[in-house]
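*Asks:* Make a model of this:
(one chain, ligands or ions: 1)
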Amino acid sequence: MNILLTGGAGFIGSHTAVVLLESGHDVVVLDNFSNSKPSVLDRIEAIAGRSCPCENADLLDEAAVRDVFDRHGFDAVVHFAGLKAVGESVEKPLSYYANNLIGTIRLTEAMAEHGVKDLIFSSSATVYRADNPVPYHEDDALGATNPYGRTKVMIEQILRDVCAADPQWSVALLRYFNPIGAHPSGRIGEDPNGIPNNLLPYVSKVAAGELPVIHIFGDDYGTPDGTGVRDYIHVMDLAEGHLLALEYIRERKGAFPFNLGTGKGYSVKEVIAAFERACGRPLPVEIDARRAGDLPIVYANADLARAELGFSAKRDLTEMCADAWRWQQRAWSGQ
Ligand code: WQD
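*Replies:* Numbering: from 1, shown residues only. Down below sits the predicted model:
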């Protein structure tokens, strides 16, 4: 198949591009490089040993998006492009609604005009109401507490409405938990702009000496060691889940939510200890106040993806940290 990856130069997108290319699909990346770098494309091609055309375009530019669809015959779309920083979304809600909602609507309109009706949407565990019992199940109540999460809830609803209006559509709503790690080559990985908001890239930069100390946001939660527990999943497992989801939606119509998580939670301290083993030395930490909006424990019920997609995460926390550290050490990180 010829598959369009919006935001394909980003963290999850670039790893998914490699997996799809290596499985024999053709891939076109569309990215505005607002939170990624063009040099990633060269490394995707080097890893996969195949070309990966790239369109530098913004989903809000209707003419540009239509031109991309006119010039390429796509069979399916994987939609990663969007703003994704929770804190930033609180400060700039209109930017998040414009980019994420209107961008998705423009993409979906162009898909419909060109008869492309197979879509994988990059959703998130933040769509689940915080008062759901853990582990979260796909049928649990949805409701986010920040504009970023609300855009994900709204986009899932928009896509369900599109499927209800036109039964020719097939949509997978992939709800990621906490993706970390990097391709085992160390040539692509998570490369956030500025100071990382997320735990793993922050820990990685402390290990590399780029940041002085790890800040643990609270050690008084009701968890075994008092620190927050999350469902960390290797980005390569996540990428492979997208391939399974593409094959799944080719066989059926409608909208299908799936958790992409391991079904297991690790605490902040467990992640730091695993990273210390990966980098071979103790890391400086300090205990700070809890971060507003953080939940004590979040992890996935991973049964539905296993039963329907045949998906299960294969890589453990040791491998996630080893691959992340190799990426951090390679010259490419930060380029
Ligand atoms: C993980 C744990 C923190 C940083 C976010 C988004 C979510 C998804 C993944 C997009 C928590 C603790 C963190 C630090 C810390 N992204 N922490 N010190 O908050 O679970 O999820 O990223 O979809 O939408 O909300 O991930 O990595 O920020 O935090 O102690 O410097 O690490 O309190 O317990 P989170 P995270």
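
*Asks:* Dihedrals phi and psi, whichever residue of the chain sits closest to the ligand?
*Replies:* The minimum distance from the chain to the ligand, using Cβ to the nearest ligand atom, falls at residue 228 (2.2 Å). From N, CA and C alone the C-beta is placed, and that goes for glycine too. The phi and psi values for residue 228, taken as degrees, to the nearest 10, are phi -60, psi 140.

*Asks:* My guess is it contacts residue 267. True?
*Replies:* Yes. Counting by Cβ atoms under 8 Å, residue 228 does reach residue 267; the two are 6.7 Å apart.

*Asks:* between the two, who's got more neighbours?
*Replies:* Each of residue 228 and residue 267 had its neighbours counted (other Cβ atoms under 10 Å), and the higher figure belongs to residue 228 (25 against 21).

*Asks:* who touches the closest residue to that one other than its chain neighbours in this structure?
*Replies:* Excluding the flanking residues, the one nearest residue 228 by Cβ to Cβ, 6 or more residues apart in numbering is residue 268, at 5.4 Å. Residue 268 makes contact with 199, 216, 217, 227, 228 under the criterion Cβ atoms under 8 Å, 6 or more residues apart in numbering.

*Asks:* cutoff 6 Å now
*Replies:* Residues counted as contacts of residue 268 (Cβ atoms under 6 Å, 6 or more residues apart in numbering) are 216, 227, 228.

*Asks:* I'd guess the second one is in a helix, am I close?
*Replies:* No. If the criterion is DSSP: H, G, I helix; E, B strand; the rest coil, then residue 227 is coil and not within a helix.

*Asks:* I'd like to know how far the closest residue to it other than its chain neighbours sits from residue 274.
*Replies:* Excluding its sequence neighbours, the residue lying closest to residue 227 (Cβ to Cβ, 6+ apart) is residue 268, at 3.7 Å. As judged by Cβ to Cβ, to the nearest Å, residue 268 and residue 274 stand 11 Å apart.
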